[in-house]
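S.K.: following is a predicted model, sequence given first.
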Amino acid sequence: MPVVDASVALKWFVDEPDSALARTLRDAHIAGQSPLVAPDLLIYEVANALLHNPRFTQHETERALTTLYDLQLELVMPTIELTHTVIQVASRYELTFYDALYVGLTQELGMELITADQRLAHRVHALGMVTLLRP
């Protein structure tokens, strides 16, 4: 069960490079073959990106968020213990708290993080648990 970040989830709604790969992950989740997990932050990040995307109307953003909720991803609310881990990860790898939350959750769950964010993947490459969406 991989963790996905907002850079992947956004590609489910916006046609851009590697959107087809992201949708393959989404479809495997829908089919029950590979359930996806993410911190609840994913909702806020995707909503914000769509809301400020000039190609999306307010109605289209609302529909996309309804679809995102309908996917029934396992959304995890951070615990105090996780936030402590996230602070350590953010400091060590010079990440925002937001990016470090995905990494910290991945560490806590002992899973793989799939991201389309090359900068994030490069910074935490040494952890051996982050996979770029585009191989």
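M.R.: Received it, and whenever you're ready, just let me know what you need.
S.K.: could you give the mean pLDDT of stretch 90-104?
M.R.: For stretch 90-104, mean pLDDT is 98.
S.K.: now do the end-to-end distance for it.
M.R.: 9 Å (Cα to Cα, to the nearest Å).
S.K.: buried set for that stretch?
M.R.: 90, 93, 95, 99, 100, 101, 102, 103, 104 (16 or more other Cβ atoms under 10 Å). C-betas here are computed from N, CA, C, even on glycine.
S.K.: pull the distance from that stretch to the chain's centre.
M.R.: Relative to the centre of its chain, stretch 90-104 is centred 13 Å away, using Cα atoms, centre = their mean, to the nearest Å.
S.K.: my read: residue 90 touches residue 97, true?
M.R.: Yes: the pair residue 90 / residue 97 is scored as a contact, 5.4 Å apart, by Cβ atoms under 8 Å.
S.K.: how far off centre is stretch 46-65?
M.R.: Distance, centroid of stretch 46-65 to centroid of chain: 17 Å (Cα atoms, centre = their mean).
S.K.: quick one: low-confidence parts of this structure?
M.R.: 135 (pLDDT under 70).
S.K.: please enumerate the helices of it.
M.R.: Secondary structure of the chain (DSSP state H): helices located at 6-9, 19-30, 41-51, 58-70, 80-93, 97-109, 118-123.
S.K.: can you pull the buried residues of the fifth one?
M.R.: Neighbour-count burial for helix 80-93, counted by 16+ other Cβ under 10 Å, picks out 82, 85, 86, 89, 90, 93.
S.K.: picking up where we left off before, redo the buried residues of stretch 90-104 as CSV? Include distance to residue 53.
M.R.: As requested, the buried residues of stretch 90-104 are exported to CSV (distance: Cβ to Cβ, whole Å):
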residue, distance to residue 53
90, 27
93, 28
95, 24
99, 20
100, 25
101, 22
102, 21
103, 25
104, 28
